[in-house]
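Novice: Predicted structure and sequence below. I'll ask about it afterward.
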Amino acid sequence: ANITSVVFFVLSIFFIVFKGLNYGIDFKGGTLIELRTETSINASIIRDSLKSMNLGGKVFSCGNGGSMCDAMHFAQELSGYFNKKRKALPAICISDSSHITCVANDTSFDLVFSRYLEANGKRGDCLLAISTSGNSINVINAAKEAQKKNMKVISLSSNSGGELSKYTDVSICVSSKSTD
């Protein structure tokens with residue numbers, strides 16, 4: 001598995017749970033959905049995020065380089081259609097180049113994602129933080145800011161999850177550093 005394929009795995013989980021919410025399937029807290037023997041995810045966090053979206057909450061996503069491209073794709077599939085016509089889900093990738101260059105120029109690149117969440121995130125929102133190494137300072141800072149705001153944090157990284165996994169509600173670690 002590589003990081004990109006796991007982004008689609010996470011996206012699929014969102015829609016499995018979303019479909020369950022629409023059809024009255026009850027996911028009890030702590031329930032694990034297992035799609036592959038080596039990969040499982042806590043469905044309750046995604047269920048809570050989807051419920052939050054129905055009440056005006058949003059899913060934010062962030063990452064650097066290829067991880068930003070995955071974060072962008074993830075957000076667009078939620079707000080777009082992903083397989084069928086359905087209600088658009090509020091999802092935003094923190095990828096506005098004017099925001100990123102403004103914050104990086106005025107302070108530090110380490111704050112580009114966390115500053116955006118400081119301005120726009122709120123209790124009940126969700127952050128998908130993607131870092132192949134799990135050690136990208138700006139992604140870690142975003143997770144810390146999300147926690148301050150009582151947002152749910154899901155991270156996607158390789159191997160151990162790095163420092164980022166310390167600041168997440170659910171850490172999805174792919175046992176590979178390959179991004180191809």
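Specialist: Structure's in. What do you need?
Novice: tell me which element residue 78 is part of?
Specialist: helix 66-79 (DSSP states H and E).
Novice: where exactly do the helices run in the chain?
Specialist: For the chain, the helices defined by DSSP state H cover 3-22, 43-54, 66-79, 97-106, 112-120, 137-148.
Novice: how about residue 142, what does it touch?
Specialist: 62, 94, 113, 114, 116, 117, 127, 129 (CB atoms under 8 Å, 6 or more residues apart in numbering). For the C-beta atoms, the positions are set from N, CA and C on the backbone; glycine is no exception.
Novice: where does it land on pLDDT?
Specialist: Per-residue pLDDT puts residue 142 at 98.
Novice: what does residue 154 give?
Specialist: 87.
Novice: Then the one 10 residues further on?
Specialist: What the model reports as pLDDT for residue 164 is 95.
Novice: quick one: it and residue 171 touch, right?
Specialist: Yes - counting by CB atoms under 8 Å, residue 164 does reach residue 171; the two are 7.4 Å apart.
Novice: Please give me every residue in contact with the closest residue to residue 171 other than its chain neighbours.
Specialist: Leaving aside its chain neighbours, residue 171 sits nearest to residue 165 (3.9 Å; criterion: CB to CB, 6 or more residues apart in numbering). Residue 165 makes contact with 134, 155, 157, 171, 173 under the criterion CB under 8 Å, 6+ apart.
Novice: The first one touches residue 167, doesn't it?
Specialist: No - here residue 134 does not reach residue 167: they are 10.3 Å apart, not a contact under CB under 8 Å.
Novice: more crowded one of those two?
Specialist: residue 134 (24 against 20; other CB atoms under 10 Å).
Novice: Pull up the per-residue confidence for the more buried one.
Specialist: At residue 134, pLDDT is 93.
Novice: Many thanks, have a good one.
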